[in-house]
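# this one's structure only:
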């Protein structure tokens, strides 16, 4: 046999051998339960979170201590979810971190994330264009992963006699155009609107963009530091009004949530009917109108996001793992238990 023919035979033999070896290798991998990951996308699992039932099934959860922070709206979710995550993954240590200056909120959380003070953050509003630009200037990108649905509820004094408000009436109250409940079908009583400051949270920013349509707050608005403090004021003052996450208002005993609508002939309650009056609380509490929030029939709804720093480092892995945990069946059930609406 000539050398040329010998070379051809040798090459063909090597190709056949490689093909058989590769087939055997991938057959063994497939039947061994071993998972393969791309080096360029190592944070992705072979299962989608929606098909995973429990936290324990989530893969690629990192080890270490990870600071996170952000939205105060998320507080009930943190209370329900974080202790169970720590039990299932003790090596995945989570520490909520307040800003060194100013109040905690969605905006301050994203700012801390941009300044490398957090591994990931929680937000009750989407990422802004200027925040995306700041991230690019720092050499990474930001990703928002929606994990829950929330609504903005309106709280008034339990004795205020009013059937509800339209969005335009709510805007008129907070821009100072209407200052007496009598102008809205209520008693002859001065309106005292409360709000947190715009720079202090995603809820205020959302309200500013979607209700006020970026009109300025009226001079009649009294700014207050926390929702807890505001609800105490509303419970004491008959003419007062406040807005916050529905989860923070609906089950409260000292205030009354108002139905809202885009039009006066279609006011939608944020609670399940029939309404449970404060006199029956806390033995009974109002529950979220889940169907109206999911369908969008209730006029002020939004999504809650995990904000992930995409820098191909452990911070990104931590943020994606946290979001994946919340998107499991177990995570979604805990979100529901915390008073929010499942996104899946």
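Cool, the structure landed. Since we're looking at a predicted model, the values are computed, not measured. Residues are numbered from 1 along each chain as shown.

# all contacts plus neighbour counts: C-alpha atoms, from now on.
Will do.

# What are the structural domain limits within the protein?
Per the record, the chain has its domains at 44-148+302-342, 150-301, by automatic domain parsing.

# can I get the ones you listed in JSON lines with mean neighbour count?
Shown next, in JSON lines, are the domains of the chain (neighbours: other Cα atoms under 10 Å):
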{"stretch": "domain 44-148+302-342", "mean neighbour count": "19"}
{"stretch": "domain 150-301", "mean neighbour count": "19"}
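
# how about the strands of this protein, start to end?
When secondary structure is read from DSSP state E, the chain shows strands at 64-70, 92-96, 120-123, 141-156, 165-166, 192-195, 222-223, 240-245, 256-257, 260-261, 301-310, 341-342.

# Figure out which of these is closest to residue 278.
strand 256-257 (7.7 Å; Cα to Cα).

# how far out from the middle of the chain is the closest one?
Centroid separation between strand 256-257 and its chain, computed with Cα atoms, centre = their mean, to the nearest Å, is 23 Å.

# which strands and helices sit next to it?
Applying 3 or more Cα pairs under 8 Å, 6 or more residues apart in numbering; DSSP states H and E, one finds that strand 256-257 contacts strand 141-156.

# Name every strand pairing with the strand it packs on and say which way it goes.
strand 240-245 (antiparallel), strand 256-257 (antiparallel), strand 301-310 (antiparallel), strand 341-342 (antiparallel) (DSSP bridges).

# That strand - what's its average pLDDT?
Per-residue pLDDT over strand 141-156 has a mean of 97.

# Surely residue 270 touches residue 258?
Yes. Applying Cα atoms under 8 Å as the test, residue 270 and residue 258 come out as touching, 7.4 Å apart.

# shared neighbours of the two, anything?
residue 153 (Cα atoms under 8 Å, 6 or more residues apart in numbering).

# Okay, and the beta partners of residue 65?
In this entry, residue 65 is beta-bridged to residue 93, by DSSP bridges.

# quick one: it from residue 96, how far?
Between residue 65 and residue 96 the distance is 11 Å, computed by Cα to Cα, to the nearest Å.

# and if you look at residue 233?
Using Cα to Cα, residue 233 is found at 28 Å from residue 96.

# how about the nearest residue to residue 270, chain neighbours excluded?
Ranked by Cα to Cα, 6 or more residues apart in numbering and with sequence neighbours excluded, the top spatial neighbour of residue 270 is residue 289, at 5.2 Å.

# wouldn't that neighbour be in contact with residue 275 here?
No. Residue 289 is beyond contact range of residue 275, at 10.9 Å (criterion: Cα under 8 Å).

# Could you state which residue of the protein sits nearest its centroid?
When the chain is reduced to its mean C-alpha position, the closest residue under Cα atoms, centre = their mean turns out to be residue 304, at 2.0 Å.

# tell me the contacts of it?
Residues in contact with residue 304 (Cα under 8 Å, 6+ apart) are 122-125, 146-150.

# For the residue nearest to it when sequence neighbours are not counted, give its distance to residue 312.
The spatial neighbour of residue 304 that comes closest, neighbours along the chain excluded (Cα to Cα, 6+ apart), is residue 124 at 4.6 Å. In this structure, residue 124 and residue 312 are 25 Å apart, going by Cα to Cα.
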